[in-house]
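Student: Give me the fold of what follows.
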Amino acid sequence: MLWNELAHECASRCCTSASRDINTVAVRSEHEGESFLTITLPAFAKDFERSLDEGAVARHHFLGFARKGGLPRFLGGFLERVFDRSTGVLLDAPCVDAIRSVRQLCMVYGKLFIVANEKRQRQAMRGYIQCEYEVARSDSERSLADRLDFQRVASLVFADCFTAMDRKIYAGEMVPKHGPGATADGYRANGKYRLREWPMRLEGVFSSSDYLIPNYSYWEMLDGVDFVEPGAERPVRVISVPKTMKTPRIIGIEPAAMQYTQQAVLPVVLEALREDDFLRSAIGFTDQVPNQELAKEGSLHGELATLDLSEASDRVSLLLVQDLFRNHAHLRSAVEACRSTRADVPGEGVISLSKFASMGSALCFPVEAMVFLTCVLVGIERGLGTPLTPNLLWELRGKVRVYGDDLIVPVDSVRHVVEALELFGAKVNSHKSFWTGKFRESCGKDFYDGEDVTVVRFRQRFPTQREDATGVISLVSFRNQCYSAGYWQTCRWLDVQIGRLLKRYPMVLPTSPVLGRHSFLGYQAERERAGRYQIPLVKGWIIRAVAPSDPLDGHAALLKVLLSGARRGDEVHDQWGVKTPSAVLDELFPPGAAEDHLQRSGRPLAVDIKLAWASAV
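Tutor: From the prediction side, this is the model:
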């Protein structure tokens, strides 16, 4: 029903009819099941995007759909406004609304959060093993000359940055951190501060006396720590998490000690990269907007290409990372020390890793970005036919950017860049890489000829009762995204469905904590809170997520508080070592301020919604 509403609205925008398309979806969904919406239609969208890039519909595109002339019958009313029906050639002035509509209708369920079946999960695990073999083979086949080129370009780009990192690591200016996520050894959030297992490989850089106890007055606490030799280290636990019906996402859950020390190195790396003018423009970690703006520019002027890499994290080899940090011994030692060397893969056993790290390592994302940037610049250098210099490097500002597996590169060098990436083990996703036409996509934004054609995606199954809090939250978010995208007819239909679930469903601003309707008309207050500030209030459902109970006391509580203070820049004095943990807590925090996170910590076990009065703004 939701797809039908979207189809009617898209057809109205494009002055066509979607009646036959709606009938096709109904019939094929009945016979093929959900996979038609979640797999077949997204594949249709990929062929559509490839046709836009190539300028015509090829015979091998849109397989499984009947044709009339050069185009499929399905969504034919939309396609005729983009391609010539008889020849399949792209029109001189294709309708951007039709392009947006085809993608929206085909991709709306492409990222539906569904657990893949057992067969697909087994295939994904076998794919993880196969990827490991390919990484090892790529390392063995790479020539010495290629490695030297990689090392030289890395030195040119990162020498000053790595020197700053190296100096801080040598000086011990690292503050570790435990995250809220799972660990391979099963520690809960606060329980991680009572580590009882410490790999001996860490001792050279991350001394247990500096990282496991608050100070030397707690030396006896180390007697209960099991110092593990390299051959007996706990491996990364490889798991699959829901992504799409077609395939799950494969991640690695790191042991707590490795995660802890990786988080110590991470701020050092990020700070040094932010302080370098060129690298700040060429590598992104938190802000996707620069990539999106460059993708828009590439779609408009055709001078920039967008590349997407498959299995990006799993294809960065340890050998490449060693070449990257070759001239900086302390940095290299720290990065290698906190890297897990083995992985426990379900159905495959424990394997040694040729890759640097799987997704799940705190250093995976920044290290892969540095490796990919070096590969891109090696490709550009080979395209130019001359070694890169600082001046040539500076001219590439605004033309090269890496954000994870999303790359922006100059079109003139794109083929050499693709060759270099594949030479160093990466795998370019041809279905999601664009450089010949006017379509570009990067970091969640899609553009055609400078026009935004990004789609709104439905993430969770349609909730049937209010108790399905996750489904309700997702549905309200989807509705508000549809409103921002201009699908107002669909929003009216959704408002009726959501209103039946929630009963209280007010109009609020996007900044409000209430699950409500967003509108360009503003909000509708039901009362005002008296006091110094007049705050408009509405009654509605708000999200409630409580961290699980996880009490922490003694030296472990002191260690957590001191580390938290150090990360915020608070001065930690040596004389605190002779004070009791409670006395130190009182000095670092006012009474009660530290109490909550020492009693409750970690990710909420469940998300709920409750009815309450709250701000409409």
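Student: what helices or strands is the particular helix or strand that has residue 372 in it leaning on?
Tutor: Here residue 372, judged by DSSP states H and E, is contained in helix 364-384. With contacts taken as 3 or more Cβ pairs under 8 Å, 6 or more residues apart in numbering; DSSP states H and E, helix 364-384 sits against helix 144-170, helix 256-275, helix 318-324, strand 401-403, strand 406-410, helix 414-423. In short, each C-beta sits where N, CA and C put it, glycine included.
Student: Three-state assignment for residue 127, please.
Tutor: helix (DSSP: H, G, I helix; E, B strand; the rest coil).
Student: who's in contact with it?
Tutor: By Cβ atoms under 8 Å, 6 or more residues apart in numbering, residue 127 lies in contact with 250, 311.
Student: Same question for residue 3.
Tutor: With Cβ under 8 Å, 6+ apart, residue 3 has these contacts: 22, 25, 37, 105, 108-109.
Student: cool, and residue 89?
Tutor: 55-57, 70, 83.
Student: And for residue 330?
Tutor: Going by Cβ under 8 Å, 6+ apart, the list of residues near residue 330 reads 166, 169-170, 205.
Student: redo that, cut-off 6 Å
Tutor: Applying Cβ atoms under 6 Å, 6 or more residues apart in numbering to residue 330 gives the contacts 166, 169-170.
Student: didn't residue 377 look like it was pressed against residue 153?
Tutor: Yes: between residue 377 and residue 153 there is a contact at 5.1 Å, judged by Cβ atoms under 6 Å.
Student: Give me the more crowded residue out of the two.
Tutor: The neighbour comparison of residue 377 against residue 153 (other Cβ atoms under 10 Å) goes to residue 377, with 26 against 23.
Student: For the more buried one, which residues are in contact?
Tutor: Contact analysis of residue 377 by Cβ under 6 Å, 6+ apart lists residue 153.
Student: Try it again at 10 Å.
Tutor: Contacts for residue 377 (Cβ atoms under 10 Å, 6 or more residues apart in numbering) come out as 149-150, 153-154, 156-157, 282, 388, 392-393, 396, 400, 409, 413, 417, 420.
Student: Where is the longest strand in the chain?
Tutor: strand 535-544 (DSSP state E).
Student: Determine the angle, from 0 to 180 degrees, between the helix or strand just after that strand and helix 256-275.
Tutor: Following strand 535-544 in sequence order, the next helix or strand is helix 554-567 (DSSP H and E). Calculated by axes from the mean of the first three to the mean of the last three Cα atoms, to 10 degrees, helix 554-567 forms an angle of 10 degrees with helix 256-275.
Student: so where's the stretch 151-300 of the chain uncertain?
Tutor: Along the stretch 151-300 of the chain, no part satisfies pLDDT under 70.
Student: which stretches of it form helices?
Tutor: Assigned by DSSP state H, counting those that start in this stretch, the stretch 151-300 of the chain shows helices spanning 208-211, 256-275, 277-282, 289-301.
Student: Run a quick neighbour tally on the closest residue to residue 189 other than its chain neighbours.
Tutor: Nearest non-adjacent residue to residue 189, counting by Cβ to Cβ, 6 or more residues apart in numbering: residue 602, 3.2 Å away. Residue 602 has 19 neighbours, counted by other Cβ under 10 Å.
Student: contacting residues around residue 602?
Tutor: 179-182, 187-192, 547-550.
Student: Need the buried ones from these selected in PyMOL.
Tutor: Selection of buried members from those for PyMOL, criterion 16 or more other Cβ atoms under 10 Å:
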select buried, resi 179+182+187+188+189+190+191+192+547+550
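Student: where does residue 438 fall, phi/psi-wise?
Tutor: Here is the backbone geometry of residue 438 (degrees, to the nearest 10): phi -110, psi 10.
Student: now swap in the one 4 residues further on and tell me
Tutor: When quoted as degrees, to the nearest 10, the phi and psi of residue 442 stand at phi -160, psi 130.
Student: residues contacting the residue nearest to it when sequence neighbours are not counted?
Tutor: The shortest distance from residue 442 to any non-neighbouring residue, by Cβ to Cβ, 6+ apart, is to residue 295 (3.9 Å). For residue 295, the contact set (Cβ under 10 Å, 6+ apart) comprises 304-306, 401, 406, 408, 434, 439-447.
Student: the bottom helix or strand of this protein by mean pLDDT?
Tutor: helix 581-588 (a mean of 46; mean pLDDT, DSSP states H and E).
Student: What is the neighbour count of the nearest residue to residue 529 once chain neighbours are set aside?
Tutor: In space, and not counting its chain neighbours, residue 529 is closest to residue 535: 4.2 Å by Cβ to Cβ, 6+ apart. By other Cβ under 10 Å, the residues close to residue 535 number 15.
Student: and what of the one 10 residues further on?
Tutor: Neighbour count for residue 545, taken as other Cβ under 10 Å: 12.
Student: That one against residue 513, yeah?
Tutor: No: counting by Cβ atoms under 10 Å, residue 513 is not a contact partner of residue 545; they are 11.8 Å apart.
Student: circling back: can you name the two of the contacts of residue 89 that sit furthest apart?
Tutor: Largest separation among the contacts of residue 89 by Cβ to Cβ: 55 and 70, giving 12.6 Å.
Student: list residues touching both of the two?
Tutor: Shared contacts of residue 55 and residue 70, counting by Cβ under 10 Å, 6+ apart, come down to 83, 88-89.
Student: Counting neighbours, what do you get for residue 456?
Tutor: Count around residue 456 with other Cβ under 10 Å applied: 19.
Student: wait, it sits on residue 478?
Tutor: Yes: if you go by Cβ under 10 Å, residue 456 and residue 478 touch, sitting 6.7 Å apart.
Student: Tell me which stretches of the stretch 401-550 of the chain form helices.
Tutor: For the stretch 401-550 of the chain, the helices identified by DSSP H, counting those that start in this stretch occupy 414-423, 469-485, 488-502, in order along the chain.
Student: confidence score at residue 578?
Tutor: Note for residue 578: predicted pLDDT of 39.
Student: which SS state does residue 610 fall under?
Tutor: strand.
Student: Just give the nearest non-adjacent residue to it, would you?
Tutor: Residue 610 sits nearest to residue 544 (Cβ to Cβ, 6+ apart), 5.1 Å away.
Student: For the one you found, the count of nearby residues, please.
Tutor: 13.
Student: Next: residue 287.
Tutor: If we define neighbours as other Cβ under 10 Å, then residue 287 has 10 of them.
Student: and the gap between residue 149 and residue 416?
Tutor: With distances taken as Cβ to Cβ, to the nearest Å, residue 149 is found 12 Å from residue 416.
Student: whoops, I mixed them up, residue 102
Tutor: 33 Å.
Student: ok, those two, which is more surrounded?
Tutor: Set side by side, residue 102 and residue 416 show more neighbours around residue 102, with 25 against 19, by other Cβ under 10 Å.
Student: I'd guessed that one sits against residue 71; true?
Tutor: No: the pair residue 102 / residue 71 is not scored as a contact, 11.2 Å apart, by Cβ under 10 Å.
Student: Can you give me every residue that contacts the closest residue to residue 187 other than its chain neighbours?
Tutor: Spatially, and ignoring its direct neighbours in sequence, residue 187 is nearest to residue 256 (4.9 Å; Cβ to Cβ, 6+ apart). Applying Cβ under 10 Å, 6+ apart to residue 256 gives the contacts 178-179, 182-187, 191-198, 234.
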